[in-house]
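A.B. asks: Below is the sequence, then the predicted model.
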Amino acid sequence: MSGKITVTFKGGKRRVLKSPDTLPMIDGRREAYFVFNNFQVYIGYSDGEIDEDGDFCVRAANSGIKGVAGIGLPAARLMGWAYVNPKRVKK
């Protein structure tokens, strides 16, 4: 991904998308937005692992057990991702 893509979500939240190449480094404990090239947005948790078919799993925020109620999404169509709540620097 060349350049930065800034997205404004419903409710006015603005985020700069991280490159799809950084997906394997995502923190699986933090909720994230996943934006695709058809402008669909999924919200949930992912471990960032891409399987042999080129898909990665996003688990819904309300699923109680890790790995349950997830959906496989194509990594090739991912424009970028961003955390729902960015970390704040502690003072």
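C.D. replies: Okay, I see it.

A.B. asks: can you map out the strands along the chain?
C.D. replies: With DSSP state E as the criterion, the chain has strands at 6-8, 14-16, 32-36, 41-44, 55-59, 70-74, 78-83.

A.B. asks: Any idea which of these gets closest to T22?
C.D. replies: Among the strands of the chain, the nearest to T22 by C-beta to C-beta is strand 78-83 (7.9 Å). Any C-beta I mention is one placed from the backbone N, CA and C, and that applies to glycine too.

A.B. asks: Distance-wise, check the residue most central in space within the chain relative to A61.
C.D. replies: Nearest to the geometric centre of the chain sits F34, at 3.5 Å (C-alpha atoms, centre = their mean). Distance, F34 to A61, using C-beta to C-beta, to the nearest Å: 12 Å.

A.B. asks: Pull up the overlap in contacts between those two.
C.D. replies: Residues touching both F34 and A61 by C-beta atoms under 8 Å, 6 or more residues apart in numbering: 43-44.

A.B. asks: So for G67, what's the pLDDT?
C.D. replies: We note a pLDDT of 51 for G67 in this prediction.

A.B. asks: okay, and for this structure, where does confidence drop off?
C.D. replies: 1-2, 62-69, 88-91 (pLDDT under 70).

A.B. asks: what's around E49, how many residues?
C.D. replies: Using other C-beta atoms under 10 Å, E49 has 13 neighbouring residues.

A.B. asks: M25 is in contact with that one, correct?
C.D. replies: No: checked against C-beta atoms under 8 Å, the pair E49 and M25 is beyond contact range at 11.4 Å.
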